[in-house]
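Chemist: The following block contains a protein sequence and its predicted model.
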Protein chains: 2
Amino acid sequence: MESTGPQSPAGLRTTPSWLLNQTASHAARLISEGFAAHELRGYHYRLLAALAESGPASQADLGRRCGIDRSDVVAAINDLAGRGLVVRAPDRADRRRNVISLTEAGADEGRRMAETVERVQQDLLAPLTAAERDQLTRLLTRLLEHHSRT
Amino acid sequence: MESTGPQSPAGLRTTPSWLLNQTASHAARLISEGFAAHELRGYHYRLLAALAESGPASQADLGRRCGIDRSDVVAAINDLAGRGLVVRAPDRADRRRNVISLTEAGADEGRRMAETVERVQQDLLAPLTAAERDQLTRLLTRLLEHHSRT
DNA sequence: GTGTTACGTTGGCCTCACCAACGTTGGCAA
DNA sequence: TTGCCAACGTTGGTGAGGCCAACGTAACAC
């Protein structure tokens, strides 16, 4: 890793947006290393998780639920379908839509990826106590909430 | 914007690495919108800041100090030099190196960008009290420190 | 001197995120 | 019913940040 290895201009080292960026990119690295074992990426996981959680949906719906652009959903679903983790079927009630559903294999893979994600959280938060982890989670959640109802 | 607009699989909404990612990407959006007015990007700012802070340096050094790959430093310095914000001169003491120095205009632009960054922090942290901002900063710093001396 | 290391540079690749455009299909209103 | 607009899936392109491999040149250690 590295990357952040050295230091970065000292002025930035205490800038919240910078800290956020650095920790997030560290987290992203850990996640993506974890996902590499599954030969899948973030988009795939988000889609599998959404399907596991709320059941079959159209691509547009999935995109909205996961915050992924329609066009990117197409590619990710192509990958997942190509590996048999997901099935794409025309919606007979509305022929504009495809209904995407999890297969058994897809549900399994989703669970395995969730475990990977769990492990990464432990790694990432290792230096913090449970109370501190909570605190961090709460602070971030508040930031997010504030900025999403803008 | 957007993007996170809707919700994302509920399971992820409480996952720290996800929260980190979302807040960081929100912050990055604000920053990059701010930088757009300067017609520069993150890499440029980091380089200007490093130069302002520690004086002239070789490209390799800058790269190490900013956590930017050598090859990406080349391009960013090209941009900065093309706009007269920075000067690239051969190092007569070591002919492998180029010495990069800030110009007056570069130092000015750096200061203006720093102000932009300041404003963005206020925006970003608006919902938090001063104590909470501190707390967040401390938590993130600890995470970063822990993971960087791995 | 000879081999190793550092430097700048070119060119490529990946992920995530967006946007524009197109043809198709549904729904709604005139 | 027709005509229009909105939504859907798809293609293709863009941009930012971050990496890696390779090359020629220059410095350095042995």
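Modeler: That came in fine, so what should we check first?
Chemist: which parts of chain A sit against DNA strand C?
Modeler: A:28, A:32, A:41-43, A:67-72, A:94-96 (C-beta under 7 Å from any atom of the strand). Yep, even glycine has a C-beta here, placed from its N, CA and C like the rest.
Chemist: which stretches of chain A have low pLDDT?
Modeler: Low-confidence regions of chain A, defined by pLDDT under 70, span residues A:1-7, A:150.
Chemist: Around the residue in it that chain B sits nearest to, count how many other residues there are.
Modeler: The nearest approach of chain A to chain B comes at residue A:24, 3.3 Å away (C-beta to the nearest C-beta). Using other C-beta atoms under 10 Å in any protein chain shown, residue A:24 is surrounded by 22 other residues.
Chemist: residue contacts, it?
Modeler: Listed by C-beta atoms under 8 Å, 6 or more residues apart in numbering or on different chains, the contact set of residue A:24 reads B:17, B:20-21, B:23-25.
Chemist: related to what we said a few turns ago, adding secondary structure and neighbour count, write the residues of chain A next to DNA strand C out as TSV.
Modeler: Shown next, in TSV, are the residues of chain A next to DNA strand C (DSSP: H, G, I helix; E, B strand; the rest coil; neighbours: other C-beta atoms under 10 Å in any protein chain shown):
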residue	secondary structure	neighbour count
A:28	helix	17
A:32	helix	13
A:41	coil	14
A:42	helix	16
A:43	helix	18
A:67	coil	18
A:68	coil	22
A:69	coil	13
A:70	helix	11
A:71	helix	9
A:72	helix	12
A:94	coil	10
A:95	coil	8
A:96	coil	8
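Chemist: which one of the residues you listed is nearest residue A:117?
Modeler: Using C-beta to C-beta, residue A:42 is the member of these that lies nearest residue A:117, at 10.2 Å.
Chemist: quick revisit: narrow the contacts of residue A:24 to those in helices?
Modeler: Using DSSP state H to define helices, the subset of the contacts of residue A:24 located there is B:17, B:20-21, B:23-25.
Chemist: distance of residue A:73 from DNA strand D?
Modeler: As judged by C-beta to the nearest atom of the strand, to the nearest Å, residue A:73 and DNA strand D stand 7 Å apart.
Chemist: And for the residue of chain A closest to chain B, nearest residue in space, chain neighbours not counted?
Modeler: Spatial nearest neighbour of residue A:24, chain neighbours left out: residue B:24 (3.3 Å); criterion: C-beta to C-beta, 6 or more residues apart in numbering or on different chains.
Chemist: chain center to the helix or strand hosting residue A:124: distance?
Modeler: Using DSSP states H and E, residue A:124 falls within helix A:104-125. The chain centre lies 11 Å from the centre of helix A:104-125; the measure is C-alpha atoms, centre = their mean, to the nearest Å.
Chemist: for stretch A:73-81, same thing?
Modeler: Using C-alpha atoms, centre = their mean, the mean C-alpha position of stretch A:73-81 is found 15 Å from that of the whole chain.
Chemist: quick one: contacts of that stretch?
Modeler: Contacts of stretch A:73-81 (C-beta under 8 Å, 6+ apart): A:40, A:43-44, A:47-48, A:59-60, A:62-63, A:66, A:68, A:86-88, A:100, A:106.
Chemist: 10 Å instead?
Modeler: For stretch A:73-81, contacts defined as C-beta atoms under 10 Å, 6 or more residues apart in numbering or on different chains pick out A:39-48, A:51, A:58-64, A:66, A:68-69, A:85-88, A:98, A:100, A:102-103, A:105-106, A:109.
Chemist: Drop anything exposed from the residues you listed.
Modeler: Taking 16 or more other C-beta atoms under 10 Å in any protein chain shown as the criterion, what is buried in the contacts of stretch A:73-81 is A:40, A:42-48, A:51, A:58-59, A:61-64, A:66, A:68, A:85-87, A:98, A:100, A:102-103, A:106, A:109.
Chemist: Those also near DNA strand D: which ones?
Modeler: Answer for these near DNA strand D (C-beta under 7 Å from any atom of the strand): A:58-59, A:61, A:63, A:98.
Chemist: picking up where we left off before, just flag the most distant two among the residues of chain A next to DNA strand C.
Modeler: A:28 and A:95 (38.3 Å).
Chemist: check contacts around residue A:47.
Modeler: Counting by C-beta under 10 Å, 6+ apart, residue A:47 has contacts A:40, A:57, A:59, A:62-63, A:65-66, A:68, A:73, A:76-77, A:79-80, A:85-86, A:100, A:102, A:106, A:110, B:9.
Chemist: Against DNA strand C, how distant is it?
Modeler: Counting by C-beta to the nearest atom of the strand, the gap from residue A:47 to DNA strand C is 11 Å.
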